[in-house]
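Enquirer: sequence-free structure coming up:
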């Protein structure tokens, strides 16, 4: 049961959170892992306190070389570890785990997260309320802030991911590195553009229809690309803020890491080429290329090491343009919803205006 209310530019929904008495749908929690003893232990310890009765935990070994998986297998008996054979990245690791599981729902979960006991039941309840909901994100709060006694949104997704009119990602509760205090303003279930890969519950049938993560992304923005395809195919993505997950931001790649800069610039342009309608692509791509060149000029002026990484991101997209365009044809065959409708809640040039304002 649900009641939809239009509020500002977002659609909020009051969703009945009690699960049907018929039972609890099966959920596969998939955790791609590449090293990190302490973070994995804390994640699994929190998962053991989960109250939802029907879930499994699958850890994808992305080429781990430390003792983390050995120690985890000795301490946590309900986990299953599958070996990818090499580091497939977040995107490839999730796809590998997805192919090895069968639950009605999957949760793609970072190994540097800790979950409230009722986190999973709340996510499933929202998904079960509407079969067109393909993905659900919990409220993501910062572990570092929690350790300081504060309740602050996490960078990775805040209270739900959004994409502005220029296809720059931001989140409710976070734009750039500026994160807000969780004061309750985002505590109603809400349509969002993308659910963070730090903790995303997804409907298996929807993934089967639109395809999984794009392996070429490796990491960063692969979940935005996936959620964009959900919207194109006629599904919806929701935030479920009554579900709370804490995330240790930067445990894998810290903010400002050159590799992260490269992946963000590269993947954002790839995503635009793949998913935009033709009309939107024709006017958006030239604007975005000019803005990429502007960022390159900014980095060069300030002698930043990021210059080479932005150049490499642009060169990669030029060299792989036809490969990306071939993927685009497959994506556009999914289209059941116009870009005009998908971006109705984009809010204009949110990120660029924020950058200009400083």
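Expert: Cool, the structure landed. As the structure is a prediction and not an experimental result, all values here were calculated from the model. Numbering: from 1, shown residues only.

Enquirer: Which phi and psi values does residue 95 adopt?
Expert: Note on residue 95: its backbone torsions stand at phi -60, psi -40 [degrees, to the nearest 10].

Enquirer: quick one: it and residue 211 touch, right?
Expert: No: the pair residue 95 / residue 211 is not scored as a contact, 9.2 Å apart, by CB atoms under 8 Å. (Glycine included, C-beta is placed from N, CA and C.)

Enquirer: Compare these two (neighbour count), which wins?
Expert: The neighbour comparison of residue 95 against residue 211 (other CB atoms under 10 Å) goes to residue 95, with 24 against 16.

Enquirer: low pLDDT regions in the stretch 151-300 of the chain?
Expert: Applying pLDDT under 70 to the stretch 151-300 of the chain flags residues 250-256.

Enquirer: All the strands of it, residue numbers only.
Expert: Ranges of strands within the stretch 151-300 of the chain are 161-163, 169-171, 174-175, 178-179, 190-191, 199-203, 236-247, based on DSSP state E, counting those that start in this stretch.

Enquirer: for the residue lying closest to residue 84 once chain neighbours are set aside, what are its contacts?
Expert: Closest residue in space to residue 84, ignoring its immediate chain neighbours: residue 96 at 5.0 Å, by CB to CB, 6 or more residues apart in numbering. Residues near residue 96 by CB atoms under 8 Å, 6 or more residues apart in numbering: 32, 60, 82, 84, 88.

Enquirer: could you redo the last one with a cut-off of 6 Å?
Expert: Counting by CB atoms under 6 Å, 6 or more residues apart in numbering, residue 96 touches 60, 84, 88.

Enquirer: Run a quick neighbour tally on residue 32.
Expert: A count of nearby residues for residue 32, using other CB under 10 Å, gives 28.

Enquirer: Verify the stated contact: it with residue 92.
Expert: No: the pair residue 32 / residue 92 is not scored as a contact, 8.1 Å apart, by CB atoms under 6 Å.

Enquirer: three-state assignment of residue 139?
Expert: Put simply, residue 139 is strand when judged by DSSP: H, G, I helix; E, B strand; the rest coil.

Enquirer: Now do the same for it: its pLDDT.
Expert: As summarised for this prediction, residue 139 has a pLDDT of 98.

Enquirer: What's the separation between the residue lying closest to it once chain neighbours are set aside and residue 300?
Expert: Distances taken as CB to CB, 6+ apart place residue 241 nearest to residue 139, at 4.3 Å, with adjacent residues excluded. To residue 300, residue 241 is 41 Å away according to CB to CB, to the nearest Å.

Enquirer: With neighbour numbers in mind, choose between these two.
Expert: Set residue 241 next to residue 300 and count neighbours by other CB under 10 Å: residue 241 wins out with 25 against 14.

Enquirer: Tell me which residue is most central in this protein.
Expert: Central residue of the chain (CA atoms, centre = their mean): residue 196, 2.5 Å from the mean position.

Enquirer: my guess is that one meets residue 136, correct?
Expert: No: Residue 196 is not in contact with residue 136 according to CB under 6 Å; the separation is 10.8 Å.

Enquirer: Now the residue nearest to residue 84. Its backbone dihedrals?
Expert: Note on residue 96: its backbone torsions stand at phi -60, psi -50 [degrees, to the nearest 10].

Enquirer: coming back round to it: now the contacts of residue 96: which count as buried?
Expert: Buried members of the contacts of residue 96, scored by 16 or more other CB atoms under 10 Å, are 60, 84, 88.

Enquirer: can you tell me which residues contact the first one?
Expert: Spelled out, that is residue 60. So residue 60 contacts 32, 82, 84, 93, 96-97 (CB under 6 Å, 6+ apart).

Enquirer: ok so, going back, ok, now how distant is the residue nearest to the residue nearest to the centre of the chain when sequence neighbours are not counted from residue 200?
Expert: Excluding its sequence neighbours, the residue lying closest to residue 196 (CB to CB, 6+ apart) is residue 157, at 2.7 Å. Distance of residue 157 to residue 200, given as CB to CB: 9 Å.

Enquirer: between these two, who's got more neighbours?
Expert: Taking neighbours as other CB under 10 Å, residue 157 and residue 200 compare with residue 157 leading, 29 against 25.

Enquirer: what distance separates stretch 220-238 from the centre of its chain?
Expert: 9 Å (CA atoms, centre = their mean, to the nearest Å).

Enquirer: ditto for stretch 143-152
Expert: With CA atoms, centre = their mean, you get 21 Å for stretch 143-152.

Enquirer: follow-up on the earlier one: I'd like the strands of the stretch 151-300 of the chain as JSON lines, with distance to residue 116 appended.
Expert: Output for the strands of the stretch 151-300 of the chain, formatted as JSON lines (distance: least, CB to CB, whole Å):
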{"stretch": "strand 161-163", "distance to residue 116": "20"}
{"stretch": "strand 169-171", "distance to residue 116": "19"}
{"stretch": "strand 174-175", "distance to residue 116": "20"}
{"stretch": "strand 178-179", "distance to residue 116": "19"}
{"stretch": "strand 190-191", "distance to residue 116": "19"}
{"stretch": "strand 199-203", "distance to residue 116": "11"}
{"stretch": "strand 236-247", "distance to residue 116": "4"}
